[in-house]
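In: my questions are about this predicted structure, shown below with the sequence.
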2 protein chains.
Amino acid sequence: MPDIDPGSLPERKRGSGVKMVYDLLRDEILDLKLAPGSPIDEVQLAERFKMSRTPIREALVRLAGDGLIETLPNRSTMVSNIDFLNLSTFFDALVLMYRVTTRLAAQNHRAEDLPSIRRFHEDYSAAIEARDTSAMIATNAAFHAAIAEAGRNPYFAGLFRRLLDEGRRILRLYYQSYDEHFPQQFVDEHAEIIAAIEARDLEAADRLGKVHAEQIVAQVQKLFSRTGKLDIAL
Amino acid sequence: MPDIDPGSLPERKRGSGVKMVYDLLRDEILDLKLAPGSPIDEVQLAERFKMSRTPIREALVRLAGDGLIETLPNRSTMVSNIDFLNLSTFFDALVLMYRVTTRLAAQNHRAEDLPSIRRFHEDYSAAIEARDTSAMIATNAAFHAAIAEAGRNPYFAGLFRRLLDEGRRILRLYYQSYDEHFPQQFVDEHAEIIAAIEARDLEAADRLGKVHAEQIVAQVQKLFSRTGKLDIAL
DNA sequence: TGTGTTCTATTTGTCGACAAGAAAAATACA
DNA sequence: TGTATTTTTCTTGTCGACAAATAGAACACA
């Protein structure tokens, strides 16, 4: 395994270790650098990050809280599997949260929210031109998470962020098998969504969020039905 | 502080300590036995449960993940405050989740789900007759959580459970000031909801969930506007 | 050779101790 | 007396070590 070696400084600030481990492992899981089902070894991580098992363990507890890893009592802990059998429940929740958060953003956003939303929009566009799959997926999630923040409902934003995380893993599979297909269409839809939010057009925002979500869901479902779902994942 | 002393057995099973601490603290927080803002001392908890700080800490990390406590870096950790200024976002999320989970239960429930739902319904009814406020609040949350489970969407169920938890704290305030008022009406509404679920009437379930939720929200809002919100909480 | 049992090894859960950070107390100084 | 600085104290974050639990290996036995 390539050692990422975060800085090679033996000097770390007191409370920063857990956050670093948490963030790094989270990204590696969501980018499928750590495959679903692969085991997580506390001792190995402790050596890799040059710290004791205690902060490693705390990071793992938090990841388990996010549902990203699963721990069997007294036995191994592993990266959570993607539940392909219940994908429809995931899509249901995703579509509804797309709608709700976009609508609330149109209703509750402030002027200062738009620049950061636009910035993620541009990052996403740039990622598509650069054909950088990881960046594409991450910036898309960041774009919609920013919209959810502008909607100013922390409960919806929290669920949506979790769904977008899980979506990062699923989209990863999607783009691994179809590298040549890049959704320019999504860029245009993002622009429309921004316009509806800025115009405070609740109905349009709702409708566009719904269409955009169903667009993505349909593409992923088409892919999975064509490939037979499991040959990629297992 | 009254020492609850969980069994006074020095013999505990290996992995059970954290769960016990987590469950107990969670209940104490949700029942307002631990007031919002009150400090949490790891050493004190370690002595109370007769275990080392390590498992205590793990339980606290999980509670922080649930948003029930907040930790200031290198400084104290305390029970999360109830955000009265943003109550409307809470109510928005609550109403939508009432609707969605009830509708999904009408759509996806299986025969074996109904007995446990009915049992919580009866527990709630019994709690009202017994004038047991804590039990009333807890069984009401359990009733709706069971409906959400029957809806078989873990994402919605997870958010809803979190909202019901927060609702337990808010309802606690509500009933502390109006002990004499007991909502028999809610029992009847619960019965209607069960009937709609059993009949697989999606629209009725949706509508009843919405009405039921707005009923509760309206009562709590009326109370808070009458008392000026903060004199109870602070 | 197949099955049940004991032993070993690895990994997790828990512990007690120590050190860093920050608030509070004590002191110095104008 | 009021303010700045040092000291003290108390809590948290981290560490290394040990013990329990489990899986797998080694073994016994038919």
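Out: Arrived safely. The structure presented is a predicted model; accordingly, all values stated were derived computationally and were not measured.

In: and the closest residue to A:D31 other than its chain neighbours, how many neighbours?
Out: Sequence neighbours aside, A:S134 is the residue nearest to A:D31 in space, at 5.5 Å (criterion: CB to CB, 6 or more residues apart in numbering or on different chains). Every C-beta, even on glycine, is put in place using the N, C-alpha and C of the backbone. The number of residues packed near A:S134 is 16, by other CB atoms under 10 Å in any protein chain shown.

In: check A:P39 too.
Out: Neighbouring residues of A:P39 were enumerated by other CB under 10 Å; the total is 11.

In: the one 10 residues further on now?
Out: The local packing count at A:F49 equals 21, with neighbours defined by other CB under 10 Å.

In: the closest residue to it other than its chain neighbours is in what secondary structure piece?
Out: What sits nearest to A:F49 in space, not counting adjacent residues and going by CB to CB, 6+ apart, is A:V21, at 5.9 Å. Secondary structure here is read from DSSP states H and E; on that basis A:V21 sits in helix A:16-30.

In: which neighbouring elements make contact with that helix?
Out: Contacts of helix A:16-30 with other secondary structure elements, assessed using 3 or more CB pairs under 8 Å, 6 or more residues apart in numbering or on different chains; DSSP states H and E, are made with helix A:42-49, helix A:53-65, helix A:154-177.

In: CSV for those, including mean pLDDT and distance to DNA strand D?
Out: Rendered in CSV, the data for those read as follows (pLDDT from 0 to 100; distance: least, CB to the nearest atom of the strand, whole Å):
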stretch, mean pLDDT, distance to DNA strand D
helix A:42-49, 95, 7
helix A:53-65, 97, 4
helix A:154-177, 90, 22
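
In: export those helices as CSV, with columns for distance to B:Q185.
Out: As requested, the helices and strands packed on helix A:16-30 are arranged in CSV below (distance: least, CB to CB, whole Å):
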stretch, distance to B:Q185
helix A:42-49, 53
helix A:53-65, 37
helix A:154-177, 26
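
In: out of the ones you listed, flag the one nearest B:A106.
Out: When these are compared for distance to B:A106 using CB to CB, the nearest one is helix A:154-177, at 21.5 Å.

In: could you check the angle that closest one makes with helix B:154-177?
Out: Using axes from the mean of the first three to the mean of the last three CA atoms, to 10 degrees, the direction of helix A:154-177 lies 170 degrees away from that of helix B:154-177.

In: so which bits of helix A:154-177 are buried?
Out: Under the neighbour-count criterion of 16 or more other CB atoms under 10 Å in any protein chain shown, helix A:154-177 has A:154-175 buried.

In: likewise stretch A:213-223?
Out: Neighbour-count burial for stretch A:213-223 flags A:213, A:216-217, A:219-220, A:223 (criterion: 16+ other CB under 10 Å).

In: so that stretch, near chain B or not?
Out: No. Using CB under 8 Å from any CB of the partner chain, stretch A:213-223 never reaches chain B; the gap is at least 13.8 Å.

In: related to what we said a few turns ago, for B:K50, which of the helices and strands packed on helix A:16-30 is the nearest?
Out: Nearest to B:K50 among the helices and strands packed on helix A:16-30 is helix A:53-65 (20.6 Å), distances taken as CB to CB.

In: on that earlier part again, the residue nearest to A:D31 and chain B, how far apart?
Out: Here the criterion is CB to the nearest CB, to the nearest Å. By it, A:S134 lies 24 Å from chain B.

In: helices or strands next to the host helix or strand of that residue in the packing?
Out: For A:S134, the enclosing helix or strand under DSSP H and E is helix A:133-151. In terms of contact count using 3+ CB pairs under 8 Å, 6+ apart, helix A:133-151 is assigned the packing partners helix A:87-108, helix A:113-129, helix A:154-177, helix A:184-198.

In: so which bits of the last one are buried?
Out: Residues of helix A:184-198 classed as buried by neighbour count (16+ other CB under 10 Å): A:186-187, A:189-190, A:193-194, A:196-198.

In: number of nearby residues for A:A111?
Out: When neighbours are defined as other CB under 10 Å, A:A111 has 7 of them.

In: ignore the last one, A:D113
Out: Per other CB under 10 Å, the neighbour tally for A:D113 reads 19.

In: pick out the residue closest to the middle of chain A.
Out: Nearest to the mean C-alpha position of chain A, by CA atoms, centre = their mean, lies A:D165 at 2.7 Å.

In: report the contact partners of that one.
Out: Contact analysis of A:D165 by CB atoms under 8 Å, 6 or more residues apart in numbering or on different chains lists A:26, A:30, A:66, A:68, A:141.

In: what separation is there between it and A:L63?
Out: With the distance defined as CB to CB, to the nearest Å, A:D165 ends up 11 Å from A:L63.

In: joint contacts of those two?
Out: A:R26.

In: what does chain A put close to DNA strand C?
Out: Proximity of chain A to DNA strand C is confined to A:13-14, A:40-43, A:53-54, A:57, A:71, A:73-77 under the rule CB under 7 Å from any atom of the strand.

In: ok, and which of those reach chain B?
Out: With the criterion set as CB under 8 Å from any CB, the members of the residues of chain A next to DNA strand C near chain B are A:14, A:54, A:57, A:73-74.

In: next, find the distance separating the residue nearest to A:D113 when sequence neighbours are not counted from DNA strand C.
Out: Once flanking residues are discounted, A:D113 sits nearest to A:A150: 3.8 Å by CB to CB, 6+ apart. In this structure, A:A150 and DNA strand C are 32 Å apart, going by CB to the nearest atom of the strand, to the nearest Å.

In: tell me the contacts of A:A138?
Out: Residues near A:A138 by CB under 8 Å, 6+ apart: A:30-31, A:127, A:168.

In: give me the buried entries from these.
Out: Burial by neighbour count, judged by 16+ other CB under 10 Å, picks out A:30, A:127, A:168 from those.

In: tell me the contacts of the second one?
Out: Meaning A:A127. A:135-136, A:138-139.

In: same thing but 6 Å
Out: With contact taken as CB atoms under 6 Å, 6 or more residues apart in numbering or on different chains, A:A127 is in contact with A:135-136, A:139.
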